[in-house]
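# Here is the input, now give the coordinates:
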Amino acid sequence: MIAMIPARYAATRFPAKLMQPLGEKPVIRHTYENTLATGLFKEVWVVTDSDIIYNEITAHGGNAVMSKKQHESGSDRIAEAVASMDVDIVVNVQGDEPFVKKQPLQQLLQVFAGEDGKRVQVASLPIVYYEHIGVYAFRKQALMDFTNWPITPLEAAEKIECLRYLEHGIPLKMVVTDYMGVEIDTPEDLEKAEQLLPNQSHGHKFNGEHG
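The predicted structure follows:
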């Protein structure tokens, strides 16, 4: 199983947010390094449309891949990148959530295990009071199907990509967690994240090796 981090440079509300400094490194490197540090994944990749983000990750020994096409959603960006990879489970980690933790991702992956897990195609995390967190795990085939289906009316209206699965009859398995990260959508969010840094591990060096 692998983790893919879709990372657009442009952002409507907070341009270049993934390259904003958070402590000693930009947001996207915190996300990459903390995802890698969970030890849950054979590989972790940043999938981006930006030379700047690509160079930031690869210059520090990380894995990144440039998107070949323009994409409407993170899932489409990931689907292009994993199409030729021999993998079963793909986890989409949001690039703007720098404080990735092992335990909720482990909970998410567990739903694919065992006999019952064989029926699960797509899973996601909501926190205890049922706010949805945009972390998804997919079987590769479900992700390939997603990118071949047209955008559905409900998805277009609500701008929520997982609705495409529901409108094509693919149920989403929701996993309850008590984890609520900090999503960087505004400069104020970045300030909030800065305040959390002293309580965080200050970096997991990565050198291309994977657990």
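# if I pick the closest residue to S50 other than its chain neighbours, what's in contact with it?
In space, and not counting its chain neighbours, S50 is closest to Y9: 3.5 Å by CB to CB, 6 or more residues apart in numbering. Yep, even glycine has a C-beta here, placed from its N, CA and C like the rest. Shown in contact with Y9 (CB atoms under 8 Å, 6 or more residues apart in numbering): A16, L18, M19, T48, D49, S50, I52, I53.
# and with 10 Å instead?
15-19, 28, 48-54 (CB atoms under 10 Å, 6 or more residues apart in numbering).
# Who does T48 form a beta bridge with?
A7, M66 (DSSP bridges).
# Would you map the strands across this protein?
2-7, 21-22, 25-26, 43-48, 64-66, 89-92, 122-126, 132-139, 172-174 (DSSP state E).
# Turn the ones you listed into a markdown table, including mean pLDDT, distance to D116 and mean neighbour count.
Formatted as a markdown table, those follow (pLDDT from 0 to 100; distance: least, CB to CB, whole Å; neighbours: other CB atoms under 10 Å):
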| stretch | mean pLDDT | distance to D116 | mean neighbour count |
| --- | --- | --- | --- |
| strand 2-7 | 96 | 23 | 26 |
| strand 21-22 | 94 | 39 | 16 |
| strand 25-26 | 96 | 40 | 18 |
| strand 43-48 | 97 | 26 | 24 |
| strand 64-66 | 97 | 33 | 17 |
| strand 89-92 | 96 | 15 | 23 |
| strand 122-126 | 90 | 12 | 20 |
| strand 132-139 | 82 | 14 | 21 |
| strand 172-174 | 89 | 10 | 15 |
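# Look up phi and psi at the residue sitting nearest the centre point of the chain.
Closest residue to the average C-alpha location of the chain: V93 at 1.5 Å, with CA atoms, centre = their mean. Torsion angles at V93 (phi, psi; degrees, to the nearest 10) stand at phi -100, psi 130.
# re the thing from before, okay, the contacts of Y9 in JSON lines with distance to M174 next?
Listed next are the contacts of Y9 as JSON lines, based on distance: CB to CB, whole Å:
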{"residue": "P15", "distance to M174": "32"}
{"residue": "A16", "distance to M174": "32"}
{"residue": "K17", "distance to M174": "27"}
{"residue": "L18", "distance to M174": "27"}
{"residue": "M19", "distance to M174": "32"}
{"residue": "I28", "distance to M174": "27"}
{"residue": "T48", "distance to M174": "28"}
{"residue": "D49", "distance to M174": "30"}
{"residue": "S50", "distance to M174": "32"}
{"residue": "D51", "distance to M174": "37"}
{"residue": "I52", "distance to M174": "35"}
{"residue": "I53", "distance to M174": "30"}
{"residue": "Y54", "distance to M174": "33"}
